[in-house]
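Enquirer: my questions are about this predicted structure, shown below with the sequence.
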Amino acid sequence: MSHARLVITAVVVEGRSQAEVARSYGVSPGWVSKLVARYRAEGEAAFEPRSRRPKASPNATPSEVLDQIVALRESLAAAGDDAGPETIRWHLRHRHGVSVSAATISRHLHRSGLVTPQPQKRPRSSYVRFAADLPNETWQADFTHSRLSGAMGVEILCWLDDHARFALRVTAHVRVTGPIVLQEFRHAIALHGVPTSTLTDNGMVFTTRLSGGKGRNAFESELHRLGVTQKNSRPNHPTTCGKVERFHQTLKKWLRAQPGRPATIAELQALLDTFVAHYNHDRPHRSLPDRSTPAAAYRARPKATPSARGSEAHDRVRSDHVDKAGRITLRVNGRLHHIGLGRTLVGTPVLMLVHDLEVRVVHAATGELLRSFTLDPTRDYQPTGAPKGPTRRSTPQS
């Protein structure tokens, strides 16, 4: 017998007073009174468990926002875009001016039956991620396969910036060849500048290093001429070029969501151009800070450039905060140097882009160039070069 039934039986059947029953069972008189009143009003229903949910929830997410979450989930999925809680949160904030936590969105998606559990899926936290510090520091390239409506196979060549995941050049071809790689690389350079390095697999269109000493191909010769460092993944390690491989998945998912297959290379290229514009400028990227778009990330910092001294030059990026004296520090050849930026920037997070003795200091959040100079290795302090203020003169005493 439940505790509630014992209390009601003692009062209603045995005729004991509510105060006495409360003392006997160690409960409050108010609870006994409420329980008896409920029994007299509802009968046996009074013994059923009751929800403890409050009658009003002032902080509950409005129903119209919950409807927007479901609508965004369905529209993003139908368009072949990422439709996870963080992406929906980004769209709500930037497109609809609504702020909702990703946890709230996730709970509502689960309650609505819109999430398929995948317990076997490897958690994202287990991956070790690498990314270039600056735009144009590294370009990844690879090609993937697709089909036209007549079952004709085609290949899509993709160039991707490693830092911003910005799609630099995406083109369709009957077959990707060495001359096409060189041609599209030059097109990408004309649009976005010369990168510091490239990262590709060991396909013959990119390198001949595994072909038994046949010398450089046209693409490798172009890289050498421009002073661009060529990097290649180890054989059978596709994760080295993981960003462009993941880009291929995103591209193909989007293409599958389009109505019908293109019939010609020209039609496929038109679709690719539409996707690139959407991917770069409209679609938030889950691997970028604050889910920004690749275009925003690509513009946020100065672009890296090839080393003028070739591969012997030393390049690095250092993070720091401006101290109370308006300075930051940089160690060169084992010696610590202090660099003046001014007291107005105290506490500002900065990045130092170092190329041998050439130093550029940029704002870490906005990418604004704060100072550019050639470091003097003979001096501990590198002054700002700003003119000193007027000399104070003593006021003549009367």
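Expert: Done, it's in. Residues are numbered from 1 along each chain as shown.
Enquirer: since we're on A218, how many residues are nearby?
Expert: 15 (other Cβ atoms under 10 Å). Using the backbone N, CA and C atoms, a C-beta is placed for each residue, glycine as well.
Enquirer: for the stretch 201-350 of the chain, give me the ranges with low pLDDT.
Expert: Confidence mapping of the stretch 201-350 of the chain against pLDDT under 70 gives the ranges 211-215, 307-315, 333-334.
Enquirer: quick one: the strands in it?
Expert: 229-232, 315-321, 327-332, 335-340, 349-355 (DSSP state E, counting those that start in this stretch).
Enquirer: please identify the most buried of those.
Expert: Scoring the strands of the stretch 201-350 of the chain by mean neighbour count under mean count of other Cβ atoms under 10 Å gives strand 349-355 as the most buried, with a mean of 19.
Enquirer: quick revisit: can you redo the strands of the stretch 201-350 of the chain as TSV with distance to L370?
Expert: Below are the strands of the stretch 201-350 of the chain laid out as TSV (distance: least, Cβ to Cβ, whole Å):
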stretch	distance to L370
strand 229-232	27
strand 315-321	11
strand 327-332	10
strand 335-340	10
strand 349-355	7
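Enquirer: of these, which is nearest A45?
Expert: Closest approach to A45 among those (Cβ to Cβ): strand 349-355, 62.7 Å.
Enquirer: show me how far the next helix or strand after the closest one is from its chain's centre.
Expert: Where DSSP states H and E defines the elements, the next helix or strand beyond strand 349-355 is strand 358-363. Taking Cα atoms, centre = their mean, to the nearest Å, one finds the center of strand 358-363 at 24 Å from the center of the full chain.
Enquirer: list the contacts of the helix or strand following strand 358-363.
Expert: Using DSSP H and E, the helix or strand that follows strand 358-363 in sequence is strand 369-374. Defining contact as Cβ atoms under 8 Å, 6 or more residues apart in numbering, one finds that strand 369-374 is touched by 302, 339, 341, 345, 348, 350, 357-363, 382, 384-385.
Enquirer: what's the most distant pair in the residues you listed?
Expert: T348 and L357 (23.2 Å).
Enquirer: who has more neighbours, those two?
Expert: Under the neighbour definition other Cβ under 10 Å, T348 and L357 were set side by side, and T348 has more, 20 against 14.
Enquirer: the more buried one: what's it in contact with?
Expert: Contacts of T348 (Cβ under 8 Å, 6+ apart): H321, V322, L341, H363, A364, L370.
Enquirer: mind splitting the protein into its structural domains?
Expert: As assigned by automatic domain parsing, the chain contains the domains 3-47, 63-119, 139-299, 314-382.
Enquirer: pull the distance from the longest one to the chain's centre.
Expert: Using Cα atoms, centre = their mean, we find the averaged C-alpha position of domain 139-299 to lie 19 Å away from the chain's own average C-alpha position.
Enquirer: can you check the shortest one too?
Expert: Chain-centre distance of domain 3-47: 59 Å, with Cα atoms, centre = their mean.
Enquirer: and the nearest residue to H192 once chain neighbours are set aside, what helix or strand is that in?
Expert: The spatial neighbour of H192 that comes closest, neighbours along the chain excluded (Cβ to Cβ, 6 or more residues apart in numbering), is L168 at 5.5 Å. Assigned by DSSP H and E, L168 belongs to strand 167-173.
Enquirer: for that strand, packing partners?
Expert: For strand 167-173, the contact count by 3 or more Cβ pairs under 8 Å, 6 or more residues apart in numbering; DSSP states H and E identifies strand 153-161, helix 178-192, helix 265-281 as packing neighbours.
Enquirer: and the angle for the longest one with strand 153-161?
Expert: Helix 265-281 runs at 30 degrees relative to strand 153-161, counting by axes from the mean of the first three to the mean of the last three Cα atoms, to 10 degrees.
Enquirer: buried ones in helix 265-281?
Expert: Across helix 265-281, burial judged by 16 or more other Cβ atoms under 10 Å covers L268, Q269, L271, L272, F275, V276, H278, Y279, N280.
Enquirer: of all these, which comes closest to S287?
Expert: For these, the nearest to S287 is Y279 (12.9 Å; Cβ to Cβ).
Enquirer: from R16, how far out is that closest one?
Expert: Using Cβ to Cβ, to the nearest Å, Y279 is found at 75 Å from R16.
Enquirer: again with S57
Expert: Taking Cβ to Cβ, one finds S57 at 39 Å from R16.
Enquirer: ok, back up a step: among the strands of the stretch 201-350 of the chain, which is nearest A188?
Expert: strand 229-232 (15.2 Å).
Enquirer: which strands or helices does the closest one pack on?
Expert: strand 197-200, helix 218-226.
Enquirer: adding distance to I88, write those out as CSV.
Expert: Below are the helices and strands packed on strand 229-232 laid out as CSV (distance: least, Cβ to Cβ, whole Å):
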stretch, distance to I88
strand 197-200, 32
helix 218-226, 41
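Enquirer: which of the ones you listed is buried the deepest?
Expert: Buried most deeply of those, by mean count of other Cβ under 10 Å, is strand 197-200, with a mean of 22.
Enquirer: give me the residues contacting that one.
Expert: For strand 197-200, using Cβ under 8 Å, 6+ apart, the contacting residues are 137-142, 162, 185, 206-207, 223, 228-233, 240-241.
Enquirer: tabulate the CA atom coordinates of that strand in CSV.
Expert: C-alpha atoms of strand 197-200 as CSV (Å, rounded to 0.1, in the frame of the first residue of the first chain):
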residue,chain,number,x,y,z
SER,A,197,53.0,25.9,-50.1
THR,A,198,50.8,23.3,-51.7
LEU,A,199,49.7,19.9,-50.2
THR,A,200,48.6,17.1,-52.5
